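K.L.:
No letters, just coordinates:
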């Protein structure tokens with residue numbers, strides 16, 4: 001039985017995968033690394049500090065920007081689970097998705113927010129998310145850091161079909 005939450009999850013992740021997949025076709029389908037994900041989060045935090053929150057969120061929401069490379073892309077939540085920016089989609093936010101879970105029932109936004117509130121930075125996962133290369137789902141984990149007051153910036157890396 002598909003619930004409304006799963007339907008919303010499938011739609012949002014499918015759109016993200018489709019848009020990121022188009023970018024991957026143009027730039028090759030290399031997989032991003034943990035080091036690249038962490039560096040992308042650090043560049044995002046530097047942009048928040050130098051350009052301000054609104055300008056950085058606007059820049060993140062422009063597909064093909066410096067906030068997206070191959071299958072790596074920045075996403076920003078507020079502490080209430082509002083998705084404010086997603087580098088694979090324009091005009092995304094704010095969408096309140098605090099209760100959204102992955103296909104296995106693992107919490108997504110809520111888990112990320114709780115981890116950052118507790119630890120200020122770190123890796124969250126694994127969770128299953130749409131593969132940017134096609135219509136499948138793979139395990140993924142995300143590196144996140146607190147990005148100012150009440151915000152967190154994250155970039156996820158794909159783990160393949162195994163939870164490792």
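P.N.:
On my side now, so go ahead. These figures come from a predicted structure and were not determined experimentally.

K.L.:
Going by C-alpha atoms from here, please, whenever you check contacts or count neighbours.
P.N.:
OK.

K.L.:
Poorly predicted segments of this structure, please.
P.N.:
Residues of the chain that meet the criterion pLDDT under 70 lie in 1-29, 90-95, 131-133, 164.

K.L.:
Excluding chain neighbours, give the residue nearest to the residue nearest in space to the middle of it in space.
P.N.:
Centroid-nearest residue in the chain: residue 75, 4.0 Å away (criterion: C-alpha atoms, centre = their mean). Closest residue in space to residue 75, ignoring its immediate chain neighbours: residue 86 at 4.4 Å, by C-alpha to C-alpha, 6 or more residues apart in numbering.

K.L.:
what is that neighbour paired to in the beta sheet?
P.N.:
residue 75, residue 89 (DSSP bridges).

K.L.:
contacting residues around it?
P.N.:
60, 61, 73, 74, 75, 76, 92 (C-alpha atoms under 8 Å, 6 or more residues apart in numbering).

K.L.:
Quick one: residues contacting the residue nearest to the centre of the chain.
P.N.:
Neighbours of residue 75 in contact, by C-alpha under 8 Å, 6+ apart: 60, 83, 84, 85, 86, 87, 153, 154, 155.

K.L.:
Residue 31 in helix, strand or coil?
P.N.:
Following DSSP: H, G, I helix; E, B strand; the rest coil, we place residue 31 in the coil state.

K.L.:
Run a quick neighbour tally on it.
P.N.:
17 (other C-alpha atoms under 10 Å).

K.L.:
how close does the residue lying closest to it once chain neighbours are set aside sit to residue 120?
P.N.:
Setting aside the residues directly before and after it, residue 31 is nearest to residue 71 in space (C-alpha to C-alpha, 6+ apart), at 6.0 Å. Taking C-alpha to C-alpha, to the nearest Å as the measure, residue 71 falls 24 Å from residue 120.
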